[in-house]
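In: My questions are about this predicted structure, shown below with the sequence.
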There are 2 protein chains.
Amino acid sequence: MTVLVADVGGTNTRVALASAGQLVHLARFANDAYGSFAEVLTAYARGRDLPGLRGVCVAVAGPVANGRAELTNRNWHFDTAELAAPLPGQGDVAARLINDLVALGHALPGLTAAQLDVIRAGAVQPSNDQALVAGLGTGFNTCLLKGGAVVEAELGHASLPLAIAEELRAQLGDAAGGFRTNECLFSGRGLSRLHAILSGQDRRGQDILADYAIGEDPQAAATVTLTARLLGLFARELVFQYLPFRGIHFAGGAARGILGSAARAEFLSAFEADGRFADHLDRVPVRLIADDAAALSGAARLMEECA
Amino acid sequence: MTVLVADVGGTNTRVALASAGQLVHLARFANDAYGSFAEVLTAYARGRDLPGLRGVCVAVAGPVANGRAELTNRNWHFDTAELAAPLPGQGDVAARLINDLVALGHALPGLTAAQLDVIRAGAVQPSNDQALVAGLGTGFNTCLLKGGAVVEAELGHASLPLAIAEELRAQLGDAAGGFRTNECLFSGRGLSRLHAILSGQDRRGQDILADYAIGEDPQAAATVTLTARLLGLFARELVFQYLPFRGIHFAGGAARGILGSAARAEFLSAFEADGRFADHLDRVPVRLIADDAAALSGAARLMEECA
């Protein structure tokens, strides 16, 4: 049987069909071109001969409660009761809403080596079976896994840790005061805001990352390498907050842009800097989820588990 | 069958026998009078007719890995292979080491209303089944529960959140720079350090709390009410870090001294202050674990579960 899965970020929505653990008919939509998720789903269904679905599972970049969700960085609302309505002939199918990082948490146990980029291996020691996913996209959030439990959080809205705020103040002076929460800094919007302070330019995070990858824009390089260094300090904090001895897994477009590039050397030197509790930090593997459809796989796995 | 359980904090060690869910022969030892945990256990066994034990479980205020642990705030070492050796005739019994907050996590599902003091009820809404225990004793740490999973952390060593660091700077000026991690502030030692800055007096945290409870020491009142307010701001951060819609549960001697007193009004007004995500904060119940033997119950439950 087939389920429809979607992953709604702040910038893009991905939709696919999932059948027997495989994703097919994957499509990506730029949210700016649509007024609501229902419009995206209508566009996906148009001209497609959908099979009879067993269910719909939508992962949303925002808090989910009581069968409802809001997108943190866009005025879109979600309700399980109406989720499948735009799909012709499928309006009554079982629908489920989850947080997008929770979807990545469900995906993690099924990811293959080809979908993961090892940033550091970590010391070989018995694990506490705790793994973390940290998503840097339009926004920021984390999800912890322990055994079969998938733990939700809203870490993007937590205050920036003092160690990162102080390093930022050393670099930016009073302009650092504009960065108050984790999401303010560790997101596509954070890259854009930091770049504006460092360079005076008004650019989107994804454009800064693209120019950095080409390698001929020293201002993009300054923004991305500073963010990579701050992210290395931040990953140290994640170790104490969640003790993820089975690994920190970065995900999302901004994480791939920062850590999938030469800037990962800055990340690693900050993460591995000497200090107290070096043995804790030494144990933690760090990986990058290279497959940007991973949240869809997680949504599909969740529907299988609940079948 | 009977197990021996112990809870080793930075200041005190509690030891008891547990049988059929009941703790008996509970004894408390001031660590300063002993050179090691083995000496404490020898003292407990002396003059007592121990039954044949099924196991020993020791909860330690520090990280546990590979069957070994260290006490964070005292130079004591633990090894499961040697744990039961001081007990006459029981040296070969199965022994287990766990973190003390993990022990409280195991205790939480079994606590009765009489062992809990409700600080705020929280809005009645479906829970995500996530509960947090935050222990303020000689040191600081947290433990998250999700379903049956008990998640370990070392949150005491994480950087103080910026929102708390800024409030502290507004109150103390540059002296706030001495508080860098959560444990620096939210612990018995933190109370002592804050009191030294505010009053110029060198006093132990437990003495400051005792004098505050009597109600005739305005300097103790200043230290405790400021800590309660900062703890309320900090609890807001815990909501984003762990989304504990099944409740934040404070534990430990310092937490009981602060939140078991009139200072809880300061805590609540800071926790409930308006701001973004008020609906998240509104949902979270806050309780105080009033029974200081709760970690022993958790250790006993863990041994039962693993029997």
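Out: Done, it's in.
In: List the contacts of the most centrally placed residue in chain A.
Out: In chain A, the centroid-proximal residue (Cα atoms, centre = their mean) is residue A:135; its distance is 2.5 Å. Contact partners of residue A:135, counting by Cβ atoms under 8 Å, 6 or more residues apart in numbering or on different chains, are A:100-101, A:104, A:141-143, A:250-252, A:255. To be clear about C-beta, it is placed using only N, CA and C from the backbone, and glycine gets the same treatment.
In: Tell me the one among those residues nearest to residue A:226.
Out: Using Cβ to Cβ, residue A:255 is the member of the contacts of residue A:135 that lies nearest residue A:226, at 15.5 Å.
In: Past the helix or strand hosting the closest one, which element shows up next along the chain?
Out: Taking DSSP states H and E as the definition, residue A:255 sits inside helix A:253-259. Per DSSP H and E, helix A:253-259 leads on to helix A:264-271 as the next helix or strand towards the C-terminus.
In: quick one: contacts of that next one?
Out: Helix A:264-271 is contacted by residues A:119-120, A:225-226, A:228-233, A:235-236, A:258-259, A:281, A:286 when judged by Cβ under 8 Å, 6+ apart.
In: so what's the backbone phi/psi at the nearest residue to residue A:240 once chain neighbours are set aside?
Out: The shortest distance from residue A:240 to any non-neighbouring residue, by Cβ to Cβ, 6 or more residues apart in numbering or on different chains, is to residue B:158 (3.8 Å). Here is the backbone geometry of residue B:158 (degrees, to the nearest 10): phi -70, psi 150.
In: ok, back up a step: including neighbour count, could the contacts of residue A:135 go into CSV?
Out: Shown next, in CSV, are the contacts of residue A:135 (neighbours: other Cβ atoms under 10 Å in any protein chain shown):
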residue, neighbour count
A:100, 31
A:101, 31
A:104, 30
A:141, 31
A:142, 28
A:143, 28
A:250, 26
A:251, 28
A:252, 30
A:255, 22
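In: Quick check: strands, which of those residues are part of them?
Out: If you go by DSSP state E, the contacts of residue A:135 have A:141-143, A:250-251 in strands.
In: So which bits of chain A are right by chain B?
Out: Contact residues (Cβ under 8 Å from any Cβ of the partner chain) of chain A with chain B: A:63, A:65-66, A:125-126, A:128, A:130, A:144, A:146-165, A:180, A:237, A:239-243, A:276-277, A:280.
In: So how do I select the buried members of the residues you listed in ChimeraX?
Out: The buried subset of the residues of chain A next to chain B, as determined by 16 or more other Cβ atoms under 10 Å in any protein chain shown, is captured in ChimeraX by this line:
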select /A:63,65,128,130,144,146,149,150,151,152,153,154,155,156,157,158,159,160,161,162,163,164,165,180,237,239,240,241,242,243,280
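In: Would you indicate which residues of stretch A:298-307 are buried?
Out: In terms of neighbour count (16+ other Cβ under 10 Å), stretch A:298-307 has its buried residues at A:298-304.
In: returning to what we had before: report the lowest-confidence entry in the contacts of helix A:264-271.
Out: The member of the contacts of helix A:264-271 with the lowest pLDDT is residue A:281, at 92.
In: now for the helix or strand harbouring it, which elements pack on it?
Out: Assigned by DSSP H and E, residue A:281 belongs to helix A:278-283. Packing partners of helix A:278-283 (3 or more Cβ pairs under 8 Å, 6 or more residues apart in numbering or on different chains; DSSP states H and E): helix A:218-242.
In: if we go to 6 Å?
Out: Using 3 or more Cβ pairs under 6 Å, 6 or more residues apart in numbering or on different chains; DSSP states H and E as the contact test, no helix or strand touches helix A:278-283.
In: Give the next helix or strand downstream of it.
Out: Next along the chain after helix A:278-283, taking DSSP H and E as the criterion, comes strand A:286-289.
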